[in-house]
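Asker: Generate coordinates for the sequence data below:
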Amino acid sequence: MNRTRMNLKLFETDVNIIDRSGAEALIPIQESNEIIQGTIAQSAVLSRGRKLANMTSKQYKMPVLDMLPIAYFVNGDNGQKKTAKQEWDKKFITAEEIAVIVPIPEAVLDDSEYDIWSEVKPRVTEAFGKVIDGAVLFGENKPSTWREDVVATATKASAVVTLGASDSLYDKIMAEDGVIAKVEGSGYFVNGHMADISMRAKLRGLKNANGDPLFKQDLQGTTQYALDGSPMNFPNNGAFDKSKALMISGDFSQLVYSIRQDITFKLFTEGVVQNTDGTIAYNLMQNDMVALRAVMRLGWEIPNPINSLKTDKSKRCPFAVLKAGEVLKAGEVLKSDN
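Answerer: Numbering: from 1, shown residues only. As a prediction, the model looks like this:
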């Protein structure tokens, strides 16, 4: 019986296959139908502060208690009763406008497989929050009609605690001369803290006398950061300036704001978009473009009414600041205030 044997040597140098490079045009690529982006960071000020009724005009007048009445004992059954008075000061919240225009060519909108506007609007909201937080907390580009920022107000009232390289973070926050005590000394109770994101690592490093961490991490859940029973916020919209403050603690019911116009979006297909120098950047009709305009108007204030523990308004502040100590340059000597 004859058996035909295949000579495998024939394929040693002549092997040909259809590899991936040859069939690349036929292999489909799955494309994401979702734009990958981070979570939208909200305004820390608007989420932590106290919202008043919406404004019906540009200014909102707010009466604030400025003098406390005094009571007296009456001597005997027929003793003369003394009089006392009470006074109020007026504080004004002035609404200022925040706005931005986002122009996009119509061709880009038509050719895009995504709803671009639904992606843009949340980021505009985040940008508004960053502007608000920066102006209210640190005075960054604040309107001239707005009051001093929170950090400047606390600094004027001497409600600032400096954290040096060798200082105890726990003592600087919780001890008698700590941040919380500064607020309590003004007659307020701390109900919240805002801190730079770097403070999370500092707090995780805090340990008690037995070496146990004070902020225990739940490996299966989210660690809730709180100080003396008050919640902490770590704003991550880029507005928190750690060069001016590591943490702001205080009674955030004393940070009040009022909205004249909530964020409104409007699309324009005609008109011109100008640069800051007045030159025309885009003619929407001529350039076949669409522009999204976002506008918001609001104002804020720190009422800081008088209380029995601190009657001097110049030294009374419902907020206190923890800031980092200055880093000395080579050969520089830190001068004492004494």
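Asker: Can you give me the neighbour number for the closest residue to Met55 other than its chain neighbours?
Answerer: Among residues not flanking Met55 along the chain, Arg260 sits closest, at 4.2 Å (C-beta to C-beta, 6 or more residues apart in numbering). Placement of C-beta: from N, CA and C, glycine included. Using other C-beta atoms under 10 Å, Arg260 is surrounded by 20 other residues.
Asker: I'd like to know how far Arg260 sits from Gly139.
Answerer: Plainly put, Arg260 is 21 Å away from Gly139 if you go by C-beta to C-beta, to the nearest Å.
Asker: now swap in Val124 and tell me
Answerer: Val124 is 23 Å from Gly139, by C-beta to C-beta.
Asker: Check Asp89 too.
Answerer: Asp89 is 23 Å from Gly139, by C-beta to C-beta.
Asker: Of these two, give the one with the bigger neighbour count.
Answerer: The neighbour count for Asp89 versus Gly139, taken as other C-beta under 10 Å, is higher for Gly139 (18 against 15).
Asker: OK, contacts around the nearest residue to the more buried one once chain neighbours are set aside?
Answerer: Of all residues not flanking Gly139 in the chain, Asp149 sits nearest, at 3.6 Å (C-beta to C-beta, 6+ apart). By C-beta atoms under 8 Å, 6 or more residues apart in numbering, the residues touching Asp149 are Ala135, Val136, Leu137, Phe138, Gly139, Glu140, Lys142.
Asker: between the residues you listed, which is closest to Lys156?
Answerer: Nearest to Lys156 out of the contacts of Asp149 is Gly139 (C-beta to C-beta; 12.3 Å).
Asker: what sits against that closest one?
Answerer: Under the criterion of C-beta under 8 Å, 6+ apart, the neighbours of Gly139 are Glu148, Asp149, Val151, Ala152.
Asker: give me that answer again for 10 Å
Answerer: For Gly139, the contact set (C-beta atoms under 10 Å, 6 or more residues apart in numbering) comprises Trp146, Arg147, Glu148, Asp149, Val150, Val151, Ala152, Thr153, Asp241, Lys244.
Asker: Over to Leu214?
Answerer: Per C-beta under 10 Å, 6+ apart, neighbours of Leu214: Tyr170, Met174, Leu203, Arg204, Gly205, Leu206, Lys207, Asn208, Leu227.
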